[in-house]
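Asks: With the sequence up front, the predicted model follows.
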Amino acid sequence: GDSVTQMEGPVTLSEEACLTINCTYTATGYPSLFWYVQYPGEGLQLLLKATKADDKGSNKGFEATYRKETTSFHLEKGSVQVSDSAVYFCALRGSSNTGKLIFGQGTTLQVKP
Amino acid sequence: EAEVAQSPRYKITEKSQAVAFWCDPISGHATLYWYRQILGQGPELLVQFQDESVVDDSQLPKDRFSAERLKGVDSTLKIQPAELGDSAMYLCASSLGWASDANTQYFGPGTRLTVL
């Protein structure tokens, strides 16, 4: 079945450092890919998405490119801030066609001043 | 900005007791989802509604869990009896529909359940 694998955390960075969180997926067909962010005590918020191969999603300085050849959707940011500290989830909307999201296990990011 | 509402935010119960969670989706959203998020893991879908009809409940433990959305608006998820392994965050999400990639899922703040 469809699945998502994320790099394990926590990831600890200093402010203004570069961020990459790896995400790879297994799916039949052509899934849509998403990154959600969960700040402490809050629900999940959609950060960005890409619906077809080579699409780049971007928001708030974060970017991710849908790479079908490597089945990857890595999250990147050039300069992180303390306020980016959160848990990041990679997800796919797969072949079931019900809108169901399949999530990775999440990666905790801690940014220190 | 419209939000998905959930209550309670926190619930502590003893095993074998009954618990219920409530969700009010964003107005006009036809599709409603209940996910369970075990600590350290990603959310997993329990049940999905389109209006008042169940679209997917394949991962819902039906011997103890039930969900309803009687008027196609708000929804209740019930567990009876609760077990220790049910301790988790229960997340509700809603979207305009489910058939299009344009239908973003919006999540509520969740209900954190602790079973003692």
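Replies: Now that the structure is in, tell me what you want to look at. Numbers count the residues shown, from 1 in each chain, chains lettered A, B, ... in the order given.

Asks: so what's the backbone phi/psi at A:Ser83?
Replies: Phi and psi for A:Ser83, reported as degrees, to the nearest 10, are phi -70, psi -10.

Asks: Contact partners for the nearest residue to it once chain neighbours are set aside?
Replies: Distances taken as CB to CB, 6 or more residues apart in numbering or on different chains place A:Val111 nearest to A:Ser83, at 7.9 Å, with adjacent residues excluded. All C-beta spots, glycine's among them, are computed from the backbone N, C-alpha and C. When contacts are counted by CB atoms under 8 Å, 6 or more residues apart in numbering or on different chains, A:Val111 is found next to A:12-15, A:17, A:80-85.

Asks: List the buried residues in the helix or strand harbouring A:Val111.
Replies: Following DSSP states H and E, one finds A:Val111 within strand A:107-112. Across strand A:107-112, burial judged by 16 or more other CB atoms under 10 Å in any protein chain shown covers A:107-109, A:111.

Asks: try stretch B:23-41
Replies: Buried residues in stretch B:23-41 (16+ other CB under 10 Å): B:23-26, B:29-37.

Asks: Identify those among these that sit within strands.
Replies: Mapping these onto strands (DSSP state E) picks out B:23-24, B:31-37.

Asks: Name the residues that touch stretch B:62-74?
Replies: Contacts with stretch B:62-74, where a contact means CB under 8 Å, 6+ apart, come from B:22-25, B:30, B:32, B:34, B:46-47, B:49, B:51-52, B:54, B:57, B:60, B:75-83.

Asks: Okay, now the sheet partners of the strand holding A:Val111, with direction.
Replies: According to DSSP bridges, strand A:107-112 has the following sheet partners: strand A:11-14 (parallel), strand A:86-93 (antiparallel).

Asks: Quick one: mean pLDDT over the last one.
Replies: Here strand A:86-93 scores 95 as its mean pLDDT.

Asks: again, but for the first one
Replies: Per-residue pLDDT over strand A:11-14 has a mean of 96.

Asks: Just to check, A:Gly9 is in contact with A:Gln105?
Replies: No: applying CB atoms under 8 Å, one finds A:Gly9 not in contact with A:Gln105, separated by 9.2 Å.

Asks: got the residues of chain B near chain A?
Replies: Residues of chain B lying near chain A by CB under 8 Å from any CB of the partner chain: B:4, B:31, B:33, B:35, B:40-45, B:48, B:55-56, B:91, B:93, B:95, B:97-99, B:101, B:103-110.
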